[in-house]
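*Asks:* sequence first, then the predicted structure:
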Amino acid sequence: MENHLVIAIDGPAASGKSSVARALARRLEILYVNTGAMYRAVTWHVVASGISSKDSEAVLKLLGETRIVCGVYEGQSNILINGADPNPYLLSEEVNANVSNIATIPEVRRQLVDLQRVYAVDFDNVMEGRDIGSAVFPETPYKFYIDASPEVRLMRRQRQGLQDSISARDRQDSSRRTSPLIIAEDAHVIDSSHLTIDGVVGEIIGRLKLKGLKILDCTSRIAA
Ligand code: DC
């Protein structure tokens with residue numbers, strides 16, 4: 001099956017990758033897929049069901065009885081769990097504290113990766129996560145790893161007013177056995193510590209053009 005265009009954006013927590021991926025997708029007028037939101041949605045469901053995120057057996061039993069529907073809403077990926085919209089809860093302290101446990105369970109990853117791959121069957125997309133370039137779409141030639149210094153990442157979270165122990169989450173995300181956060185060999189690494197979102201998007205677009213991707217500038221689109 002031929003996939004559509006996938007631009008993979010990976011990186012640690014609060015590296016700015018979500019803002020960059022969303023802005024890039026908007027600029028290219030293609031779908032933005034937030035895979036972290038999928039792990040977060042499952043985590044919300046597990047916690048709301050009173051199950052420990054460390055009890056993988058109970059988590060998998062619950063998932064077996066759960067209907068997860070991934071779709072598209074206003075240009076970005078969207079997930080419903082048993083018909084409920086988990087969006088308002090995805091950045092809660094409880095979800096932050098438990099999501100890395102859920103993301104270490106190989107069967108959870110397998111199921112969510114299957115759903116992530118379906119997006120590329122129908123849509124050109126910018127897909128953001130931890131393992132998109134290394135495991136979900138290793139064949140895409142368009143891989144980016146967005147990083148920032150620990151101080152800058154912590155400051156960004158604090159500015160968002162979010163309680164999130166990002167260093168603990170990074171440690172767990174980078175050390176798990178299945179698809180840990182790594183820099184794919186052929187990924188282009190960008191340190192966003194001192195760059196604006198537009199600056200990072202500009203660097204990515206420059207790189208995509210170098211790799212031969214045809215991207216219309218807004219000005220030439222207006223002129224056309
Ligand atoms: O990008 P985020 O902070 O919203 O992701 C939340 C968690 O989900 C992150 O700590 C690890 C996990 N995750 C993952 O394991 N693989 C992905 N592709 C995306 C997220």
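*Replies:* Everything's here; your move.
*Asks:* what does this protein have sitting close to the ligand?
*Replies:* 13, 35-36, 39-40, 99-100, 103, 129-132, 169, 173 (C-beta under 6 Å from any ligand atom). From N, CA and C alone the C-beta is placed, and that goes for glycine too.
*Asks:* lowest pLDDT pick from those?
*Replies:* Within the residues of the chain next to the ligand, R169 has the lowest pLDDT, namely 84.
*Asks:* check which helix or strand covers it.
*Replies:* helix 166-175 (DSSP states H and E).
*Asks:* just give me how far that helix sits from the chain centre.
*Replies:* Remark: helix 166-175 is offset 15 Å from the chain centroid, using C-alpha atoms, centre = their mean, to the nearest Å.
*Asks:* ok, and what's touching that helix?
*Replies:* 12-14, 96, 99-101, 103-104, 130, 150, 153-154, 157, 180-182 (C-beta atoms under 8 Å, 6 or more residues apart in numbering).
*Asks:* can you turn the buried part of these into a PyMOL selection?
*Replies:* With 16 or more other C-beta atoms under 10 Å as the criterion, this PyMOL line picks the buried residues out of the contacts of helix 166-175:
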select buried, resi 12+13+14+96+99+100+101+103+104+130+153+154+157+180+181
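*Asks:* in helices, which of the contacts of helix 166-175 fall?
*Replies:* When the contacts of helix 166-175 are checked against helices (DSSP state H), the matches are 96, 99-101, 103, 150, 153-154, 157.
*Asks:* so where's the chain uncertain?
*Replies:* 1-2, 217-224 (pLDDT under 70).
*Asks:* try it again at 50.
*Replies:* The chain contains residues with pLDDT under 50 at 219-224.
*Asks:* determine the longest helix present in it.
*Replies:* helix 106-122.
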